[in-house]
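Novice: Generate a structure from the sequence data that follows.
(one chain, ligands or ions: 1)
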Amino acid sequence: MNKAEHTVVIGAGIVGVSTALWLQRAGVKVTLIDREGPAAGTSYGNAGILAAAAIVPVTVPGLLKKAPGMLFSPNEPLFLRWSYLPKLLPFLIPYLRTANHADLERIAGGLANMMHDTADQHLALAKGTPAEEFLATGDYLFVYDTEKDFRKDQLAWDIREKFGIEFEPLDKDGVSNHQPDMAGKFDFGVRCPNHGHIKDPGAYTKALAQHFVEQGGNLMIATVDDIKLENGVAIGVETPDGFVDADNVVLTAGAWSVHLAKKLGMRIPLESERGYHVEFVGADVNLTCPVMITSKKFAATSMNGRLRCAGIVEFGGLNAPPSRAPIELIKRNAKEIFPNLQYERIDEWMGHRPSTPDSLPLVGAFAKAKNVWAGFGHQHLGLTGGPKTGRWLAQMITGETPNVDMSPYSADRF
Ligand SMILES: Cc1cc2nc3c(=O)[nH]c(=O)nc-3n(C[C@H](O)[C@H](O)[C@H](O)COP(=O)(O)OP(=O)(O)OC[C@H]3O[C@@H](n4cnc5c(N)ncnc54)[C@H](O)[C@@H]3O)c2cc1C
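Specialist: Numbers count the residues shown, from 1 in each chain. The predicted model follows:
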């Protein structure tokens, strides 16, 4: 493309902001549009983990047997708003079909290519910007109640090993030394080096967006109602504040991307995996790195004096209000792990993970409109994979070819 051309990026979560910045650095004129402003969506409240090791999707072989029991227990991290089930089926059926060994490897490979160097990608994105202060590099720790529980997770660790994730098993003392605030709680752990975390994902994304503006980027607060096509080519986007001309349009509106894609005639089975956080503000616990509590399937991350406990998968769509049961479950679990936790107040939050049936994002142009680019569907890993997605999109839009097989992320595969 001619770099003087104008690209509109819809959605200022971590994926959209990363894309806008990499395009800007490539010399492209960019307008970033968000209906509420940067980090208004899921990029605000996630667990902050640059989770290169998280290449194993939720749909592991054996899920089909376990899921029904999980749905009926208030102590399991899987919830369903039953009235939503009919709407969920176009996603759920192909999603559950991927719970087999061949798909597990295929998905893990796609995720690994996107996530393996996440800490470096964040450094490249944030270095020299005000966002850099929120970025920490280091370990990611998985903890298990017993070594037997770790053995039950062997398949996941075999897959990680296969795709080059480094890790080191720790015994009870090793875990206690690594995380003194959890001393004696877990018999077994696995330390994954070369990871990182973001100490405040919302502030980080906003700081990156602010940097984009300071470098001459145009940030617009407006809802994009439609992407206007003429003869199969996008010419701009409709907003209540008027029409914005564009030579390229990038759709990075997270879980809401599905609405605009539908207007272009594409039915993408994108679903929200609703997730929650409970944040203990002023917590007297300070974890040295993010910790995944595998038995409870939630992550605990210390963020500048706050302890954020995040997790849960709830299917219930984009419009239903937050449920109480997931929040109460996280609180119970957190209090079990940190029984003496002192804090000033609790903040609660729900967000929408944009999830596809094959747990891989859509990154690339749509066949129906070749100057409309998808950058959504990062499910549990949008913070981890956002910068790389932005870099790939900027390369493709400016006529370069990323040196990776992009077919697993094809925008037209559904
Ligand atoms: C509990 C929880 C914990 C998580 N923990 C992690 C983690 O530790 N590590 C990790 O990598 N990932 C994590 N994730 C996932 C991660 O947060 C998401 O994958 C990521 O934030 C998605 O980013 P996004 O930019 O695609 O979407 P969002 O951040 O949701 O951004 C989409 C933006 O689009 C805007 N928008 C929507 N529609 C329109 C429209 N029509 N016009 C204009 N603007 C519009 C919204 O306002 C929003 O700002 C977690 C998620 C949850 C829920």
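Novice: From here on, just use CA atoms for contacts and neighbour counts.
Specialist: OK.
Novice: Give me the next element, helix or strand, following the helix-or-strand element of the chain with minimal mean pLDDT.
Specialist: Ranked by mean pLDDT, DSSP states H and E, the weakest helix or strand in the chain is helix 63-71, scoring a mean of 82. Sequence order places strand 78-80 as the next helix or strand after helix 63-71, per DSSP states H and E.
Novice: What average pLDDT does that following strand get?
Specialist: Per-residue pLDDT over strand 78-80 has a mean of 91.
Novice: Which residues does the following helix or strand past that strand contact?
Specialist: As assigned by DSSP H and E, the chain's next helix or strand after strand 78-80 is helix 85-97. Residues from elsewhere that reach helix 85-97 (Cα atoms under 8 Å, 6 or more residues apart in numbering): 59, 63, 64, 269, 270, 271, 315, 316, 356, 357, 358, 359.
Novice: Can you check what angle separates the least confident helix or strand of the chain from helix 85-97?
Specialist: For helix 63-71 against helix 85-97, the angle by axes from the mean of the first three to the mean of the last three Cα atoms, to 10 degrees is 140 degrees.
Novice: quick revisit: show me just the buried residues among the contacts of helix 85-97.
Specialist: Among these, those classed as buried by 16 or more other Cα atoms under 10 Å are 59, 269, 270, 271, 315, 316, 356, 357, 358, 359.
Novice: Could I get those in TSV, plus columns for pLDDT, secondary structure and distance to the ligand?
Specialist: Formatted as TSV, those follow (pLDDT from 0 to 100; DSSP: H, G, I helix; E, B strand; the rest coil; distance: Cα to the nearest ligand atom, whole Å):
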residue	pLDDT	secondary structure	distance to the ligand
59	92	coil	16
269	96	coil	15
270	97	coil	12
271	97	strand	12
315	96	strand	12
316	96	coil	13
356	98	coil	11
357	97	coil	14
358	97	coil	14
359	97	coil	11
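Novice: quick one: which of the residues you listed is nearest residue 236?
Specialist: Residue 236 has its nearest neighbour among the buried ones among the contacts of helix 85-97 in residue 270, at 23.7 Å by Cα to Cα.
Novice: mind listing what that closest one touches?
Specialist: For residue 270, counting by Cα under 8 Å, 6+ apart, the contacting residues are 91, 255, 258, 354, 355, 356, 357, 377.
Novice: now with 7 Å?
Specialist: The contact partners of residue 270, taken as Cα atoms under 7 Å, 6 or more residues apart in numbering, are 91, 258, 354, 355, 356.
Novice: Equivalent analysis for residue 61, please.
Specialist: 99, 100, 101 are the contacts of residue 61 under Cα under 7 Å, 6+ apart.
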